[in-house]
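**Student:** Predicted coordinates and the sequence they were generated for:
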Amino acid sequence: MLALVKAEAGPGLRLQDVPVPSIGINDVLIRVHKTGICGTDLHIDAWDPWAARTIQPPLVVGHEFVGDIVEIGANVSGFKPGDLVSGEGHVVCGKCRHCLAGQRHLCVDTVGLGVGRDGAFAEYVALPMTNIWHHAPGIDEDVAAIFDPFGNAVHTALAFPVLGEDVLVSGAGPIGLMATAVVRHAGARHVVVSEPNTFRRELAIRMGATIAVDPLERDLHAVQAELGMVEGFDIALEMSGVEAALRSAIENMAHGGRIAILGIPTDEISLDVNTIVFNQLTLRGIYGREMYETWYQMTVMLQSGLDISAAITHRFGFRDFEAAFAAARSGDSGKVIMSWLA
Ligand code: NAD
Ligand code: ZN
């Protein structure tokens with residue numbers, strides 16, 4: 001089969017012929033239909049310091065996908081060839097305290113699809129049956145392909161109740177864009193998106209933002225005044241990984257405000273702890289998605305009218321992976337999808 005491979009240490013990816021993965025008794029083999037490009041894939045392609053210390057080539061990359069089951073292991077039940085599925089990219093140990101308690105997103109021994117094991121930018125991918133999500137009938141395949149980052153968005157957006165609240169979304173990358181639509185769907189009052197990229201600010205408005213501002217040009221206190229907000233944001237979703245964005249969120253929260261942090265800074269950052277203490281803020285780190293409560297929430301929100309399709313801006317065939325990666329890297333894009341059906 002053809003797959004996008006990090007063949008050796010250093011920048012770049014290669015489209016090459018590799019064996020179809022073999023499956024164990026608890027695994028399923030999936031024919032990949034569509035995949036989404038994630039920031040993680042860009043890091044691996046570029047071979048930045050994180051990738052250099054994390055990735056062991058050769059490795060098939062990619063983890064956001066939808067496809068149909070073509071083969072199941074002898075021990076697998078509940079899945080059959082032809083089922084339309086996506087995969088949870090965090091393969092957990094199943095044995096630690098958190099896994100045993102049903103809190104698999106807290107597993108201390110997680111292996112990432114397309115990071116620590118061969119991934120989904122390929123014609124076929126194998127995963128344990130415990131990592132497979134059955135799509136409900138009627139879910140659009142492009143949206144199904146990005147359930148992984150959509151799950152990051154939902155897990156963060158619903159970390160705290162948003163009904164009637166004023167929400168700040170810092171960073172309108174693909175995940176911030178989807179989170180904007182989610183908090184709007186979940187009944188937030190004002191949804192303020194802070195994002196320096198013009199293309200993404202325009203998309204944020206389409207996703208339901210009340211207002212989208214360039215943090216390099218406008219202070220959030222002025223935005224609060226414009227909207228008639230009195231005490232500050234009730235909820236902030238940090239989705240940029242940028243120090244200035246988190247500091248600005250902390251400065252603009254209402255007393256008792258809550259900040260869910262998904263963005264991953266490249267370095268340590270310093271924060272104003274006095275404001276966190278005196279304004280009684282809660283900061284919560286978010287990693288991945290809950291297995292499988294978040295997947296359920298995504299499904300039922302789509303069934304109850306949530307539309308995130310505008311976050312998908314580019315579509316390519318897998319042979320044009322270089323153009324697809326360039327679009328994702330450019331910043332003038334939302335989610336970039338690659339199709340693997342010839
Ligand atoms: P992205 O890099 O596409 O989006 C980040 C956005 O932040 C960009 O559009 C950028 O222009 C914007 N930005 C830059 N400076 C800013 C500032 N000062 N204020 C506000 N916005 C600013 O990333 P993404 O794929 O949407 O992911 C969002 C973040 O979440 C990234 O940091 C990513 O690494 C992280 N992430 C975390 C997890 C997790 O499990 N915790 C999973 C996936 C992604
Ligand atoms: Zn575990």
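**Tutor:** Nice, thanks for sending it over. Ligands and ions are numbered 1, 2, ... in the order given.
**Student:** List the pairing partners of the host helix or strand of V28 within its sheet, with orientation.
**Tutor:** Counting by DSSP states H and E, the element that carries V28 is strand 27-36. Paired strands of strand 27-36, with direction, are strand 64-72 (antiparallel), strand 124-128 (antiparallel), strand 335-339 (antiparallel) (DSSP bridges).
**Student:** Same list (those strands) but as TSV, adding distance to G12 and mean pLDDT.
**Tutor:** For the C-beta atoms, the positions are set from N, CA and C on the backbone; glycine is no exception. Shown next, in TSV, are those (distance: least, C-beta to C-beta, whole Å; pLDDT from 0 to 100):
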stretch	distance to G12	mean pLDDT
strand 64-72	20	98
strand 124-128	21	98
strand 335-339	17	98
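**Student:** Am I right that I235 is in a strand?
**Tutor:** Yes: counting by DSSP: H, G, I helix; E, B strand; the rest coil, one finds I235 located in a strand.
**Student:** That one contacts D166, correct?
**Tutor:** Yes: contact criterion C-beta atoms under 8 Å: I235 and D166 qualify, at 7.5 Å.
**Student:** circling back to that earlier point, show me the one of the strands paired with strand 27-36 that comes nearest ligand 1.
**Tutor:** strand 335-339 (8.6 Å; C-beta to the nearest ligand atom).
**Student:** Just the CA trace of whatever helix or strand F150 lives in, in CSV.
**Tutor:** F150 belongs to helix 147-157 when assigned by DSSP H and E. Extracted C-alpha coordinates of helix 147-157, given in CSV (Å, rounded to 0.1, in the frame of the first residue of the first chain):
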residue,chain,number,x,y,z
PHE,A,147,-13.3,13.9,14.8
ASP,A,148,-9.9,13.8,16.5
PRO,A,149,-9.3,17.6,16.5
PHE,A,150,-13.1,18.3,16.7
GLY,A,151,-12.8,16.3,19.9
ASN,A,152,-10.0,18.5,21.2
ALA,A,153,-12.3,21.5,20.5
VAL,A,154,-15.3,19.9,22.2
HIS,A,155,-13.3,18.6,25.2
THR,A,156,-11.9,22.1,25.8
ALA,A,157,-15.1,24.1,24.9
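**Student:** Quick one: neighbours of the residue in the stretch 151-300 of the chain that ligand 2 sits nearest to, just the number.
**Tutor:** The nearest approach of the stretch 151-300 of the chain to ligand 2 comes at M291, 10.7 Å away (C-beta to the ion). A total of 20 residues lie near M291 under the criterion other C-beta atoms under 10 Å.
**Student:** E88 is in contact with that one, correct?
**Tutor:** Yes: in terms of C-beta under 8 Å, M291 counts as a neighbour of E88; the distance is 5.6 Å.
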